[in-house]
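# Whatever this is, show me its structure:
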Amino acid sequence: MAVYFSIILVIITVLTGIVWFTDKFYLAPQRKLKASAAQLSAKELCAAELTPQALATLTEPSPLVDTAVQIFPVIAFVLILRSFLYEPFQIPSGSMMPTLLDGDFILVNKFNYGLKDPVLRHKFIENGLPEHGDVVVFKYPQDPKVDFIKRVIGLPGDRIIYRNKSLYIKRACQESDTKCPDFEQIQQNLVGKYVGPDAELGMNEFESKMLNKSHQVLNDSQTLPRVAHYFPQTGTAADEFLVPAKHYFVMGDNRDNSLDGRFWGFVPEENLVGEAVAIWMSFDFDRSEDSILPQWLPSGVRFDRIGAII
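Sure, this is the predicted structure:
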């Protein structure tokens, strides 16, 4: 849907833009010439001047042209803002709990990872790449019409192991390294049973300290590792992933309730949409089953969740 919306937005902007330029540089000057000619004719034939109302009527554009001229700056501003700076998204699932909840509305910074045209998504300005721990929105590699949001775990060249619900990262060796890095276990400190929104029996919350960033993750003690369903890769163990060049490995913070890179592979760089940077609105949908109101209707606003995404 986002792709179709972008195409429609571009088409409307181009059409209204053509009308705006045509009116500014041809139609409006023509109307002024006609008004001047009418004024001159009135003086010559009747020795009188046209009233201000009559002159205004002669210089007014048609309703269709006037509408296009009025909305073009607004549509152009929305197109630029949405395509190159910030785009709003809604979180539809709990795969990123407790960082993001179903009902959160987020802002995605589309400038951090380079500028792309809104239709073909060709990058024309390089401006940066994801880092470990970034929360990113991307086009799902199995179906690019669908937007996914996960956390970046592996960069190009990294080796990742997710074993017994513990994460290990071996960063790619750089030319500047005197010794290539070894596997590093990501420290997870138990916070306690998860008691936040959408909590389920068996959910435990941990503070994960991944390289230079920390964030919260959830593990479900009642769910066994699903290694047999992991994405197979030649030359690696069943629970090990070697990130190809220009690709990224991502996982959900709700480790046992997330369809992420462990199951379908890697995110190509061209599929990146942007970095999720803030929650601008959060609706609560908690309502008893016997309520006469529909479940999709918000029951409240979670003001305490509005702010930056960690």
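
# okay, CA-based contacts and neighbour counts for the rest of this
Noted.

# how about stretch 137-149: buried residues?
137-141, 147-149 (16 or more other C-alpha atoms under 10 Å).

# so how far is that stretch off the chain centroid?
Mean-position distance between stretch 137-149 and its chain equals 10 Å (C-alpha atoms, centre = their mean, to the nearest Å).

# Could I get the average pLDDT for that stretch?
The pLDDT scores in stretch 137-149 average 94.

# ok, residues contacting it?
Residues outside stretch 137-149 that contact it (C-alpha atoms under 8 Å, 6 or more residues apart in numbering) are 1-3, 96, 108, 135-136, 150, 252, 264, 266-268, 271-276.

# rerun at 10 Å
The set of residues that contact stretch 137-149 without belonging to it, under C-alpha atoms under 10 Å, 6 or more residues apart in numbering, is 1-4, 89, 91-93, 95-96, 100, 108-110, 135-136, 150-151, 250-252, 259-261, 264-276.

# mean confidence score for stretch 212-228?
pLDDT averaged over stretch 212-228 gives 92.

# need the longest strand for the protein.
strand 272-284 (DSSP state E).

# The most centrally placed residue in the chain: which element?
By C-alpha atoms, centre = their mean, the chain has its centre lying nearest to V108, at 4.2 Å. Counting by DSSP states H and E, the element that carries V108 is strand 104-109.

# what's downstream of that strand, the next helix or strand?
Counting by DSSP H and E, what follows strand 104-109 is strand 115-116.

# Parallel or antiparallel, list what pairs with that following strand.
Using DSSP bridges, the strands paired with strand 115-116 are strand 123-125 (antiparallel).

# list the contacts for the residue nearest to I7 when sequence neighbours are not counted?
Once flanking residues are discounted, I7 sits nearest to V119: 6.1 Å by C-alpha to C-alpha, 6 or more residues apart in numbering. By C-alpha under 10 Å, 6+ apart, the contact list for V119 reads 3-10, 83.

# Might one say that E270 is in contact with F124?
No. With contact defined as C-alpha atoms under 10 Å, E270 does not reach F124; the gap is 11.7 Å.

# the more surrounded of these two?
E270 (14 against 10; other C-alpha atoms under 10 Å).

# now the more buried one, what's its secondary structure?
helix (DSSP: H, G, I helix; E, B strand; the rest coil).

# First-to-last residue distance for stretch 221-237?
24 Å (C-alpha to C-alpha, to the nearest Å).

# Ok, stretch 214-234 next?
Across stretch 214-234, first to last residue, C-alpha to C-alpha, it's 32 Å.

# Could I get the buried residue list for that stretch?
215-220, 225, 227, 230-232.

# Can you give the distance of it from its chain's centre?
That offset, for stretch 214-234, works out to 25 Å (C-alpha atoms, centre = their mean).

# rewinding a little: the inter-axis angle of the longest strand of the chain versus strand 104-109?
150 degrees (axes from the mean of the first three to the mean of the last three C-alpha atoms, to 10 degrees).

# Which other helices and strands does the helix or strand that strand 272-284 is followed by contact?
Sequence-wise, the next helix or strand beyond strand 272-284 is strand 300-301, with elements assigned using DSSP H and E. Counting contacts by 3 or more C-alpha pairs under 10 Å, 6 or more residues apart in numbering; DSSP states H and E, strand 300-301 is packed against strand 272-284.

# mean confidence score for the strand it packs on?
Here the average pLDDT along strand 272-284 is 92.

# Repeat that for stretch 15-29.
Mean predicted lDDT for stretch 15-29 stands at 94.

# Repeat that for stretch 232-251.
Computed over stretch 232-251, the mean pLDDT rounds to 96.

# In this protein, where's the longest helix?
helix 2-22 (DSSP state H).

# Run through who's touching that helix.
1, 23-24, 26-28, 64-80, 82-83, 89, 117-121, 144-147.

# what's the next secondary structure element after it?
That would be, after helix 2-22 and using DSSP H and E, helix 28-46.

# How many residues are close by G133?
For G133, using other C-alpha under 10 Å, the count is 21.

# Quick check, it in contact with K209.
Yes. Using C-alpha under 10 Å, G133 makes contact with K209 at a distance of 9.5 Å.

# Need the residues touching each of those two.
With C-alpha under 10 Å, 6+ apart, G133 and K209 have common neighbours H215.

# where exactly do the strands run in the stretch 101-250 of the chain?
According to DSSP state E, counting those that start in this stretch, the stretch 101-250 of the chain carries its strands in the segments 104-109, 115-116, 123-125, 135-139, 147-154, 159-163, 166-170, 184-185, 187-193, 203-210, 213-220, 240-242, 247-251.

# So L167 sits against V217, correct?
No. Applying C-alpha under 10 Å as the test, L167 and V217 come out as separate, 11.6 Å apart.

# follow-up on the earlier one: show me which of the contacts of helix 2-22 are buried.
Buried among these by 16+ other C-alpha under 10 Å: 23, 27, 65, 68-69, 71-72, 75-76, 79, 82-83, 89, 118, 147.
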